[in-house]
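Colleague: Here's my sequence, what's the structure:
(chains A and B)
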Amino acid sequence: MSLDRRGFLKLTVLSTAGVAAGSGGQQLGAVLEATGTDERVANGPEQWVTTSCNLCSGGCGVRVRRIDARAVKLEGNPYHPLSRGGLCPVAQASLQLLYNPDRIRGPLERAGPRGSGQWRPLAWDEAIRMLAERLGALRQQERPHTVALVLGRSEGLLAQLFRRFARAYGTPNVLTTELPDPSAYALWRTQGIRAPIAYDLENAKYILSFGVPLVDGWWDPVRQMRALVQVRQGTPGRRGKLVQFEPRLSPTAAKADEWIPVNPGTEAALARGLAHLLVVDGRFDRDFVARHTAGFEDQVDSAGRRHGGFRDLLVREYKPPAVSRITGVPEETLRRIAAEFALYGPGVAIGPPAGHPDAAAAAAAVHALNALAGRIDRLGGALVARTAPLAPWPSFSPDTAARRGAARAPLAPSASFSPGAKGAAPDSGSISGLAAALRSGQPYPLEALLLWEANPVFSQPGSDRFREAVGRVPLVVSFSPFLDETAQLADLILPDPVFLEGWHDMPQPPGVPYPVISMAPPATDPLYQTRHPGDVLLETARALGGSVARAFPWQDFREAMRHAARGLYAASRGMVFATHGQEGPPAPLREWEWAPMPYGSFDEFFEELAAKGGWTDPSYGYQDWKRVLRTTSGRFEFPALPPHQVAPAAAPADDPSSLHLHTFAVLALGEGQGANQPFLQEVLAPHTAVQWGSWVELNPETAARLGIRDGDQVWVQSAAGRVAAQVRLYAGIMPGVAAMPRGQGHTALGRYARGRGVNVMELLGDERDPATGALVLSTRVRVTRA
Amino acid sequence: MVIDLERCTGCQACVVACKQENNIPFSTPEEAAYGREIAWLRVLAVTERDYPRVKSRYLPVLCQQCDAPPCINVCPTGATYRNPEGLVGQIYPRCIGCRYCANACPYQIKAFNWYNWSRFRWPAELRQSLNPDVSLRPMGVIEKCTFCHHRLQKAREQARAEGREVRGEGEYVPACVQSCPAGALFFGDLDDPETTVHQLAESSRAFRLLEELGTEPKVIYLEEGEWYAAT
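Modeller: A predicted model of the protein is given here:
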């Protein structure tokens, strides 16, 4: 990197303008508030508590420093097998979540008209009695199916508890706002397993990433950042390579060894084009393809008709010139990357993530590339996660009312595929279908809506539609710790504590090949009158009585968690994050030999588990074909190839002023949950210097064509709506594409989030991936100067 | 300190960890627009070349703890000085807020405290997360990275209690180093040949920021490597 003083000053001038230039035009008098002497911060005894973060699916290990009862800092838990003492900015800022001045202090009942912001505080007993009475009455009237649960996460014990409640109570309507994972679709289509693909990134030496934001918020960012270090520096003298195909130079693309811009939504064609080259150059794994796959060669059916196999279609349809035309990637680049992928492995192809146009078909095509290269269940390849041996909850028998209710047609049936939790029924519906069903009142009107970690009014396209739809439900119950956009419309708010205040579990992060789960105690006492949603469910079940109560034999959520943990104890393998005698200066975890755990009793085991924050069993047996190839044929089934199509959001338009809008998440904000923490509003994206707001990225060439300059205020207009934002010219984006961050533009969620930037969901239509029903997080827009 | 730019992903966990540890007040959108946000550590993005060969690199910049710091020469009151440990110190009660040092710093990493943030900007709830080990700065003074000096003091007390010297490595790390999820930051005694930082500093990838200015910085960066086809 070459930087001289002049260049350096140019870089920093934006961020330190106040220091350099003196003042920004404000009256100095207004600034000169009374000079206070420095105040003292109360001191007290220091204490450390081990827990885990639950702010994304990564579940990093956390140690919380306490002074008296106050939590003053989070540090990484060096014994956590994935995060190893590292923490991302979101975990670092989470004390601003705990001590956020806009938290809900206790249960609230709506006092004025809906959305008026008038609330009456309630006692917990009263709140739960109220909920149980309403739910009980619906069951009495044989209408339990008119209750819907909307979950913000689909994995973990609490999500399972919600699903169990739905079955015991009698409703088929459990929905999640999480986008279905396209890699889970690919694994299901090719290997017959409904779970996200686990990538052995740490052992790979050549990663082909189809737009996966490895380091900016996808799956388990801290694990992936560490894995990248392994890829580059793990083997002395052998540097691995990351190739990023993406329309935008994202932070992951910036960290890649090679960024290759690709036309939005054409990843499927790109993957097949690379597969074509592997096949025609004879660089595929013949042995694996012959012994463990089906559908590669042409087949003749019983009637004597010939069906083209995967090879045939690839060879005929995906020749480099055609693929280059579709994807915008030069032919020579395609040839070079295909050769490198075959030669410099172990290599693995990953992605694309949820939300991309045509993500599911592309994920299947990318996974087929892994199969061709023989990267299925091999070191550094695409694996199938081993899961933790948690004890299943005891079976129960729902009563007639529950059975009848649960057998009703769900309000918003999902698309043909929904991954769901392993062993549990897949969630029954798509969240967007819910809005339509509520508005039409078909097939039946909804009487109650319970929302946990879900804020669809903000996070789904068409906030007005959702607001109106939610308005039609007689009882809306939110577990949100903040008055977010959806909680504002609730009748009853039963506030969840922040993760630092309660017992919680974190399931195995997606993409991790072996079990790593957290079961963690509270790090601080609850600040306010909040209650764990698990405890609220158990109490409500008890108040409902009968077979519902019998399905929940635990006193509180901790006890339910203890039940699940018995499976870990009984498995007699794996270990808690650090064993006895491992205190002292942190050392990296080593490979270890297996031995039965040295605990005298389950109680002793659980105590240790909670004190150390979690359990892991970090081993993986590669090439266990019986376990990983679960199709009816027992082979890897090459996905049938429909002709290449471009999703409407990505379709090239004749009109040159129509741009493709690419939306992206920034690590700090996630999908908007981080927006109420000031420290996170200050660290949005280093390349733009924008803080506390939104921006539109345009290639200088696009901007010149549209007569737009850097810093201009513009309108971004789609078929669904329009928003205003400032333009940042950025050479790291394809011409013809505009990019905007998601997660800003809250109209609620407290003083720090409200009114910061714009919500790009206002621009999105309701385009869905045909295979998974997942929302497409991009669309077509026009950008004009405001 | 050694910063391996190949590992850094620009995630800014270090930035937030620093603010939380050192009681740095957060800004508001208006003040951020005036450039009054305080950060002792920033991640800059260097974008080079044009589309499609564009390359973006992240550069975490904090006080370089120079051995020849330009900031101390211009300070009229001796508020900023080089202490015996080699750290560039800032004595808040001596600082008159002239900001000469902030302008003299070629790394532009000294911050002026425009507001009495602690009293007026932090709601009572958020004040509960303040760290008692770090003083709250009054308005009108320059503040800067201390390499988490309060942690060094604790480590030194511990060592003294055990009747030994502070070790060159592993005894304490600043908050940014501790948080880095990619393990891109390394910390220790550069003069001690046994330490990781000493060894990394001799790497062929090592360089110092603007060292042609003669500042003799003690933060060493490691350049990103390039992929090559190994057989």
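Colleague: where does the chain have low pLDDT?
Modeller: Because you didn't say which chain, this covers chain A. For chain A, applying pLDDT under 70 flags the ranges A:1-2, A:13-39, A:414-430, A:579-597, A:641-643.
Colleague: ah, I was thinking of chain B
Modeller: B:117-120, B:230-231.
Colleague: for it, what spans make up the helices?
Modeller: With helices called from DSSP state H, chain B shows them at B:13-21, B:29-33, B:70-74, B:100-104, B:117-120, B:149-161, B:175-179, B:196-201.
Colleague: Report the separation between residue A:518 and residue A:561.
Modeller: Spatial separation of residue A:518 from residue A:561 under the definition CB to CB, to the nearest Å is 11 Å. Bear in mind the C-beta positions are built from the backbone N, C-alpha and C, glycine included.
Colleague: shared neighbours of the two, anything?
Modeller: residue A:505 (CB atoms under 8 Å, 6 or more residues apart in numbering or on different chains).
Colleague: Packed most tightly, which of the helices of chain B would that be?
Modeller: Between those, helix B:13-21 has the highest mean count of neighbours, a mean of 28, where neighbours are mean count of other CB atoms under 10 Å in any protein chain shown.
Colleague: Would you mind pulling up the elements that that helix packs against?
Modeller: strand A:70-76, helix A:89-92, helix A:678-681, strand B:41-48, strand B:55-62, helix B:175-179 (3 or more CB pairs under 8 Å, 6 or more residues apart in numbering or on different chains; DSSP states H and E).
Colleague: Measure how it sits relative to strand B:55-62, angle-wise.
Modeller: Computed with axes from the mean of the first three to the mean of the last three CA atoms, to 10 degrees, the direction of helix B:13-21 lies at 20 degrees from that of strand B:55-62.
Colleague: Alpha carbons of helix B:13-21, as CSV, please.
Modeller: Only the C-alpha atoms of helix B:13-21 are listed here, as CSV (Å, rounded to 0.1, in the frame of the first residue of the first chain):
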residue,chain,number,x,y,z
ALA,B,13,-14.9,-4.5,16.6
CYS,B,14,-11.6,-2.8,17.8
VAL,B,15,-13.2,0.6,17.4
VAL,B,16,-16.3,-0.3,19.5
ALA,B,17,-14.2,-2.2,22.1
CYS,B,18,-12.0,0.9,22.5
LYS,B,19,-15.0,3.2,23.0
GLN,B,20,-16.6,0.9,25.5
GLU,B,21,-13.4,0.3,27.5
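Colleague: Can you verify residue A:12 is assigned to a helix?
Modeller: Yes - under DSSP: H, G, I helix; E, B strand; the rest coil, residue A:12 falls within a helix.
Colleague: Residue A:518 and residue A:561: which has the busier surroundings?
Modeller: Counted by other CB atoms under 10 Å in any protein chain shown, residue A:518 and residue A:561 do not tie: residue A:518 has more neighbours, with 30 against 23.
Colleague: Tell me the spacing between the more buried one and residue A:674.
Modeller: Using CB to CB, one gets 20 Å for the distance from residue A:518 to residue A:674.
Colleague: all strands of the stretch 1-150 of chain A, in order?
Modeller: Listed in chain order, the strands of the stretch 1-150 of chain A (DSSP state E, counting those that start in this stretch) span A:46-52, A:61-67, A:70-76, A:108-110, A:119-121, A:147-151.
Colleague: who wins for proximity to residue B:64 among those?
Modeller: Using CB to CB as the criterion, the shortest distance between residue B:64 and the strands of the stretch 1-150 of chain A is 25.0 Å, found for strand A:70-76.
Colleague: so how far is that closest one from its chain's centroid?
Modeller: 24 Å (CA atoms, centre = their mean, to the nearest Å).
Colleague: Contact residues of the stretch 551-700 of chain A facing chain B?
Modeller: Contact residues, the stretch 551-700 of chain A versus chain B (CB under 8 Å from any CB of the partner chain): A:585, A:667-668, A:678-683, A:685-687, A:691-693, A:699-700.
Colleague: Just confirm residue A:663 contacts residue A:744, I think it does.
Modeller: No - counting by CB atoms under 8 Å, residue A:744 is not a contact partner of residue A:663; they are 11.1 Å apart.
Colleague: residues contacting the residue nearest the centre of chain B?
Modeller: When CA atoms, centre = their mean is applied to chain B, the residue found nearest the centroid is residue B:62 (3.2 Å). The neighbourhood of residue B:62, defined by CB under 8 Å, 6+ apart, consists of B:1, B:18, B:40, B:41, B:42, B:109, B:145, B:176, B:219.
Colleague: Much appreciated, bye for now.
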